[in-house]
Structure formats: C-alpha cells, structure tokens
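>>> Here is my input; please provide its structure:
(chains A and B)
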Amino acid sequence: MNLDLTEEQEMLRTMARDFLTKECPKALVRELEDDPKGYSPELWSKMAELGWMGLVIPEEYGGQGMDFLDLIILLQEMGRNILPGPFFSTVVLGALPIAFEGSDEQKKEYLPKLADGELIMTMALTEPNARYDATGVSTKATAQGDNFIIDGTKLFVENAHVADYMICAVRTNERAAPEEGVTLLIVDAKSPGIRVEVVPTIADDKLCEVEFSNVAVPKGNVLGEVDKGWPVVAKIMQYAAVAKCGEMVGGAEAALDMTVTYVKERVQYNRPIGSFQAVQHFCANMWNSVGASRNLLYHAAWKLTEGIPADLDIAVAKGWINESYNFVTERAVQCHGAIGLTRDHDIGLYYRRAKAAEVAFGDGAYQREVVASQIGL
Amino acid sequence: MDFQYTPEQEALRKEFDDFFREEMKSAPPELESSMESLFEIDHCWEFHKQLGKKLAARGWIAMAWPKEYGGRDAPLIDQFIFNEVRGYHRAQGTDPIGVGMLAPTLLVTANDEQKKEHLPPMARAERDWCQLWSEPNAGSDLACLTTRAVRKGDEYIVNGQKIWTSGAHRADWGMMLARTNPEEKRSRGLSFFLVDMKTPGITVNPLHSMARGHMFNEVFLDDVRVPARNRVGEENQGWMASQMTSNFERSMIDLFSKAKRDLEDLVQFCKETKWNGKPLADDPVIRTKLAQLAIDIEAGFAFSHSVVWNQITGGLMTAAPLACGAKFMATELTQRLTYEACEIMGMYGQVAGSKWAPFRGKYINYYQVVMGLNMGGGTSEIMRNLVCSLALGLPRSW
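I've put the predicted structure just below:
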C-alpha cells in the first residue's frame, strides 16, 4: 500500500495550482458567470499550451499519454479554483469516449484537435425526464440513406452553446430492451436543425437545452456500434462521476481552507470566532468529511486507472462526496455569517457549485440505489 | 499510489481470517447480543480469556513490541490488518487497556524491571488491566483529578475514588494516575502507578447501565499501599507518561470493520423479513438507509487507511489529529447504525429478549449503551477540539 502521490503528480498539482491562482482569479470566475460564452478563449489557449486538454489522450494522437489518476489531480485544482469553461465536457465527455470507442479514423480526426484545444466537445445524454438510466434516452434517430435523422430534446447538456461537436445518445431501436437500442453519434453542433439555449442554473455553468429537429448525421459518425452505445455511456458515466468528484474534492478543500482562515481572523467578543467551540466543531466535522472524500476519490480513481472493477467504489465515492461537498460549503457559509450569503463573497461560488455537482452523473438517490444493489439488497 | 496489499500481507490477512472464522464458531451467542456481556457474563469472559491464550500462542497479542518482551517488531500495517480482521469477526481476545494503552507507555517510559515484570504476562494474555483514571469530578478534564498518593518510605499510600473503570471487576492490575504534589492542581502534580487490584483497600462497585448491564465500575481506594517501584517514570511526571498511551494503531479500523459485518447481517435480515407481505429489502426507505450506512462505512475505511498511512510515514504523533478524527467518525457511525437498525425493526426495535427479539436483542442493548463509545477514550467533543488545535491551528477552545 502506498497512498502518496508520485513526484510527477505533486509537480502537476503545484504547477496547476500556481497557474490557476494567477490566471483564473475569482474576479474572472464571476465575470464568466455572466458572460454568454462562459469561458475565456485566452485562458483556454494557455491551458492547451500546457497540454492539459491532451493529458489523457494517447501520445500517438498528440496527447500526453498520462493516466486517469493524473487527470483527477488536475481536476482537483480546477475545482479548487472553480475554473469556468468546457474543459470537463471536452476532455471527459468528448475525448474519453472517442479514445475508448472511436474507430482509427475517428481517433485520428478528433483526438489531435482535442489535444491542441482546437475543438470543444460535450455529450448530449440527459433529457427532460432527468434520468441517468437507458430508459431516459428517448431522442430518436432514424436511419435514412447514408444518415441518421435525429429528433428530440436533450437537457442539461454542458457547454452545448460553444461546442463544435456533441456526442449524442439516441434511440435507434425501440423494440429492444432499453439498454440495447442506444447509439452514440458524433454530431456537428452547427448542423441544420439544432437549436441550443443556455438554461439559467444555480452555478451559472452553461447547461443547455438542445433541440434536434430533423438533424442529419452521417452514419460514419456512429461512435462504436449501432444499438450498442449504452455500455459506452455507462462506462463514461462512471469516469465522469469520479472526475466530477475530483472537482468537488478540490472545491471542498478550498472551502474548508477559506473557512479556517476566516474564523481565525474574524473577531467578536474580543476573540477570534475560531476559538468558540461551536465553530471549532463545525470545522472538525468539515475536516473529517473532506479527509474521507479525498481518500474515497483516490481509491475510485486508482481502481479505474488500474482497470479493476469499481462499481461499488464509484457509487460510494459519488454518494459520499455529493453530501460532503454540500455539507462543507453549507457549514462554510454558516461560519462566514451574513457576508457568506453575498454574491461578492467567494464562498458562495463553492456553495452553488456543490449543488450543481451533486446532481451531475448521479445524485444521492441514484448512487444509493447502486450501492443498495451492490450490497445485495 | 497503490491501494493493494502485498502478497505477504494478503497471506497474513488470510491467516487471521481463517483463525477467527474458526474460533468464533464456538463464541457464546450472548457475546454479540450486548456491548457489556464480555465483562458481565462469566462464560463470555472465559471465552475471551481462552481466545487470548490462543492469540498469545501465535504471537499475535504483542505483534508490534520488541522481541525481547514477547513481540515480533511487526510493522503497523500488520497490526492494522489484524485489527481489521478481528473487528470483522467481532472478536476481542486482546486486552484493550493493557496491550492497547499501557504497553506503549511501558515501552517508552518504564524501567527494565517494570518492563520485564509486566510486558511478558501481557503478551501471554495472562494478565488483564483496567484504567484507574477518571474520577467523579475529573472526566474530560482529567488533569484536575484529586486521588492522592503520599510517599511513605518505599510505598505510596493512596486514597481516592475512580469511576467509569471498565472491567475493574475482572482486572488483575490497574494503571492509575494520582496526585503526588498537592501544590500543583493540574497535570504537573500527577504520577503514574501500576496497581495490583488485589491490594487491600481497593473496593470495586458495579455501575449498571440503563440496559442493566455491568461493564463500568467505581473504584474506591482507602489507604491502598502501592510499592514505589510500581511508579512509572519520575514522580510528578505522570501526565507525560499518560500521553504515551495514545502511541498505538488508532485508525479505528476494528470498529469500521465490525460495522461492515453488522451491516451484512442487517442486509440479510431485511432480505428475509417481510412486512406487509413484502421483504423489507424492497422498501425504498430501508434501501436508502442501508446504502447510506454502506457509504459511511466505506468512507470510514478510507479514513482509517489515511490514518495508518500517516502513522507509517509520519509517525504516531504526527497522525494524532487523524486518529482523533477517526475516533469520533467511528463511534458516531456505530451509534447511527444502531439507531437505523432499531428503526428498521419497527415495533420489534424495542424487544430486548425472547423469541421475538431480532438479533437476540442486540441493537436494543446497543441503543442504551452505544453513546458510551462517544464518551470513553476522549469524548467526541474533545476529539473535535483536538482536530482543530492540532490540525487546523485554531486557538484552544477549552
């Protein structure tokens, strides 16, 4: 057993933290919340130059060939700094599916451009029924000549408004069991018939409604095989859940640090409020929660990296960290007092993101049901 | 980063697992149906003693000790694995006070004569210990204790009262803190003693829990003569010696592991038990409760691993705040599991005995006693205070 990060991972963490502290201050985060694009192209270019978009893309396709655990280290720092923009959707929901399931042509076509930061991608999976299981996919794709024709509506699609391509989960077979009639299509976001609208959300994180009306997609854009897309979705959901946990743990760590700093400085009754036991007990509970979160995250990420089955570990990690990030940020706001409620104060940035992250890739109820079936219920 | 154990460690785990799986087949059923039965029921105590002898024969009681005192210089990770497996099988066998707390103090602070007299019998599971520390007016604020030890020639004459002494009615010896300098009202006036519980003047009275069980005692010391050679360390340096008692594997993995086992039993109960014609396991509320417990237990395991890893790489004292965090996490999880179990059992969650009592009334006993875990060995509140002062740099709040 060795629970330490490698030297390279420590360097990646330090470098990422220094870069994001300088290049992505909270003033920029606030500015981008109100910005229609929701990301900074200048910052995106700098990140591409650092090789971040290609971190887990194989070297033969222009990436750095590092592993998923390394990506988690990076995502932790992005969560700590609340990096706005389409990094998560591009890398986790775009590059990973193509790297796992793409044909040689698809890998050659998309991965180098993704690694260079030339392309923004996302995955259009969830629909107004708000389900993460296969029965939630009702957007239809009908074969017509050399194309599939897509009709339907997707909801909660990250950064669809700036994406160049969307990997769309569509139903291509309604006679089969739900898991056996889903296909993944790589869709050009500028295709005629696509309407995208950003939905206002608590985290201002540019989740979109995407309406498909008679959208033609070449059959050559099938990712994997027709009707056999659901196992790919299920696999990506697991990677995405753990990747989201990476952001969440980074955010929770930051919220805890900010809170401890604040309670040491804020004086009432002639003493720091951090000397009051009630406040200290909040901090101790937050510290414990974050400590467990961090280790659950690394355990799940390590198992995925090593190719060890991790269904229970992933559900446990997301289930715990869902509650932990919400708990830590809620207590953080409480410790800050009224100023924690203001738009101007940074702690609210984390509190709002905790809620958004909780419901991404499986909320608490979803993860608990996975755990329930895993423990034999 | 690597979460796997080595083949040797896995082999050790299997050895522990095979042993406990076999031995616990003959455990008295009462052992598991109450938190106090080990100390209270004679044949449960006898089983514990026999188990201890078998562990001693394998050298598993004192694994971490130097070989000259009956140990194996085993690394912390071996103890961790042992505690995890022992916890899963809900076995005791080892003396938590003697082996768990006193031995680390003796190894660091005692003289050779004391080590040679007391460590080998511990390693052979021949001697049981109790902790004569808390007093009616000195619980969390232990340093203000008033039991007095007055030097007279080669002896100390001890007068006072101790309370919440687990297993004092079973113990052969006790480790005691007493005041040797009345001018100092707090920790600077305390000395650390080893006391033969058969010494005249010691009276042990039971303190019954609300479940009618007997684990705790009050101990009266009336002119008890303790040889000066049984003082550990220098006079008035007892507080320093007492701090060494925390120098052991304190990840609480045994409690998390026991919780995992208890949850398995609860899952099975819910699969087999029907209510309103349907298995409890189909009820979404119950599924949520059990799944959340499973998540909390895995979080506990994760936290325990971080504790032992920090103990291995940074030393026991460096990992102290993590150990404090693990303590309240584990005990409060045990409490939560108990409450959920009772709630799942509905009206049967009040039945303490008879054919109607699920789990032989175990969780009804636990419901009445489990909060003691949040109090003994440092209350959850004190543990949180320590996390803040040791890990977060916050000012002392007490």
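>>> Identify the bridge partners of residue A:158.
Going by DSSP bridges, residue A:158 is paired in beta bridges with residue A:207.
>>> Look at it and report its pLDDT.
Each residue has a pLDDT score; the one for residue A:158 is 97.
>>> Determine the number of other residues adjacent to it.
24 (other C-beta atoms under 10 Å in any protein chain shown). From N, CA and C alone the C-beta is placed, and that goes for glycine too.
>>> which residues does it contact?
A:86, A:88-89, A:93, A:122-123, A:205-208 (C-beta atoms under 8 Å, 6 or more residues apart in numbering or on different chains).
>>> let's go with 10 Å and repeat that
Shown in contact with residue A:158 (C-beta atoms under 10 Å, 6 or more residues apart in numbering or on different chains): A:38, A:86, A:88-90, A:92-93, A:121-124, A:166, A:205-208, A:360.
>>> before we move on, what about residue B:227?
Contacts of residue B:227 by C-beta under 10 Å, 6+ apart are B:154-156, B:193-196, B:199.
>>> where do the helices sit along chain A?
For chain A, applying DSSP state H gives helices covering A:7-23, A:26-34, A:41-49, A:68-81, A:87-90, A:96-101, A:104-115, A:230-265, A:277-306, A:311-336, A:347-359, A:364-374.
>>> Reformat those into TSV and put distance to chain B next to each item.
TSV is the format used below for the helices of chain A (distance: least, C-beta to the nearest C-beta, whole Å):
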stretch	distance to chain B
helix A:7-23	8
helix A:26-34	23
helix A:41-49	24
helix A:68-81	6
helix A:87-90	22
helix A:96-101	20
helix A:104-115	25
helix A:230-265	5
helix A:277-306	4
helix A:311-336	4
helix A:347-359	14
helix A:364-374	4
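>>> can you tell me the residue of the stretch 1-150 of chain B closest to chain A?
At 4.7 Å from chain A, residue B:2 is the closest residue in the stretch 1-150 of chain B, using C-beta to the nearest C-beta.
>>> Isn't that residue up against residue B:9?
No: Residue B:2 is beyond contact range of residue B:9, at 11.9 Å (criterion: C-beta atoms under 10 Å).
>>> I'd assumed residue A:242 was in contact with residue A:303.
Yes: the criterion here is C-beta under 10 Å, and residue A:303 meets it with residue A:242 at 9.1 Å.
>>> Quick check: neighbours shared by the two?
Here residue A:303 and residue A:242 share the contacting residues A:68-69, A:310, A:313-314, A:317, scored by C-beta under 10 Å, 6+ apart.
>>> distance of the most centrally placed residue in chain A from residue A:251?
What sits nearest the mean C-alpha location of chain A, by C-alpha atoms, centre = their mean, is residue A:244, with 4.2 Å. Note on residue A:244: its distance to residue A:251, by C-beta to C-beta, to the nearest Å, is 10 Å.
>>> Find the residues that touch each one of those two.
Residues touching both residue A:244 and residue A:251 (C-beta under 10 Å, 6+ apart): A:79, A:325, A:357.
>>> quick one: buried residues of stretch A:231-244?
Buried residues in stretch A:231-244, counting neighbours by 16 or more other C-beta atoms under 10 Å in any protein chain shown, are found at A:232-233, A:236-244.
>>> Please tabulate the residues you listed in JSON lines, including the columns pLDDT and distance to residue B:118.
Shown next, in JSON lines, are the buried residues of stretch A:231-244 (pLDDT from 0 to 100; distance: C-beta to C-beta, whole Å):
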{"residue": "A:232", "pLDDT": "97", "distance to residue B:118": "64"}
{"residue": "A:233", "pLDDT": "97", "distance to residue B:118": "63"}
{"residue": "A:236", "pLDDT": "97", "distance to residue B:118": "60"}
{"residue": "A:237", "pLDDT": "97", "distance to residue B:118": "58"}
{"residue": "A:238", "pLDDT": "98", "distance to residue B:118": "54"}
{"residue": "A:239", "pLDDT": "98", "distance to residue B:118": "55"}
{"residue": "A:240", "pLDDT": "98", "distance to residue B:118": "57"}
{"residue": "A:241", "pLDDT": "98", "distance to residue B:118": "53"}
{"residue": "A:242", "pLDDT": "98", "distance to residue B:118": "50"}
{"residue": "A:243", "pLDDT": "98", "distance to residue B:118": "54"}
{"residue": "A:244", "pLDDT": "98", "distance to residue B:118": "54"}
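>>> from the residues you listed, which is closest to residue B:230?
Set against residue B:230, the nearest of the buried residues of stretch A:231-244 by C-beta to C-beta is residue A:242 (56.1 Å).
>>> Not including adjacent chain positions, what is the nearest residue to that closest one?
residue A:300 (5.0 Å; C-beta to C-beta, 6 or more residues apart in numbering or on different chains).
>>> what sits against the nearest residue to residue A:121 once chain neighbours are set aside?
Nearest residue to residue A:121, sequence neighbours excluded (C-beta to C-beta, 6+ apart): residue A:94, at 2.7 Å. By C-beta under 10 Å, 6+ apart, the residues touching residue A:94 are A:53, A:86, A:88, A:110-111, A:114, A:119-123, A:159, A:163-167, A:186, A:236.
>>> was I right about residue A:218 contacting residue A:144?
No: contact criterion C-beta under 10 Å: residue A:218 and residue A:144 do not qualify, at 11.1 Å.
>>> before we move on, back to that, out of the contacts of residue A:158, which are buried?
For the contacts of residue A:158, buried by 16+ other C-beta under 10 Å: A:38, A:86, A:88-90, A:92-93, A:121-124, A:166, A:205-208, A:360.
>>> How many residues are close by the residue lying closest to residue B:88 once chain neighbours are set aside?
Distances taken as C-beta to C-beta, 6+ apart place residue B:257 nearest to residue B:88, at 4.4 Å, with adjacent residues excluded. Other residues lying near residue B:257 total 23 when counted by other C-beta under 10 Å.
>>> same question, residue A:212
Neighbours of residue A:212 (other C-beta under 10 Å): 24.
>>> and the stretch 151-300 of chain B, which of its residues are near chain A?
Within reach of chain A by C-beta under 10 Å from any C-beta of the partner chain, the stretch 151-300 of chain B has these residues: B:260, B:263-264, B:266-268, B:270-271, B:279-284, B:286-300.
>>> Which ones among those residues map onto strands?
Taking DSSP state E as the definition of strands, those contribute residue B:279.
>>> Only the buried subset of the residues of the stretch 151-300 of chain B next to chain A, as a PyMOL command please.
Buried residues within these, by 16+ other C-beta under 10 Å, are selected in PyMOL with:
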select buried, chain B and resi 260+263+266+267+270+280+281+283+286+287+288+289+290+291+292+293+294+295+296+297+298+299+300
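>>> The chain - how does it break down into domains?
Reading this off chain A. A:7-119, A:123-227, A:231-374 (automatic domain parsing).
>>> Not quite, go with chain B.
Taking automatic domain parsing as the domain assignment, the ranges for chain B are B:7-94, B:129-241, B:250-390.
>>> what's around residue A:268, how many residues?
Residue A:268 has 10 nearby residues by other C-beta under 10 Å.
>>> Please apply the same query to residue B:119.
25.
>>> quick one: it from residue B:314, how far?
Applying C-beta to C-beta to residue B:119 and residue B:314 gives a distance of 26 Å.
>>> Check chain A for me, the residue farthest from its geometric middle.
residue A:270 (43.5 Å).
>>> who are the neighbours in contact with that residue?
Taking C-beta under 10 Å, 6+ apart, one finds nothing in contact with residue A:270.
>>> Strands of chain B, residue ranges please.
B:129-132, B:148-152, B:155-162, B:173-179, B:190-196, B:202-208, B:214-227, B:231-232, B:274-275, B:278-279.
>>> Would you mind giving those as CSV with mean pLDDT added?
CSV is the format used below for these (pLDDT from 0 to 100):
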stretch, mean pLDDT
strand B:129-132, 97
strand B:148-152, 98
strand B:155-162, 98
strand B:173-179, 98
strand B:190-196, 98
strand B:202-208, 96
strand B:214-227, 97
strand B:231-232, 97
strand B:274-275, 93
strand B:278-279, 96
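>>> Make CSV from the domains of chain B and add distance to residue A:174 to it.
Listed next are the domains of chain B as CSV, based on distance: least, C-beta to C-beta, whole Å:
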stretch, distance to residue A:174
domain B:7-94, 48
domain B:129-241, 60
domain B:250-390, 29
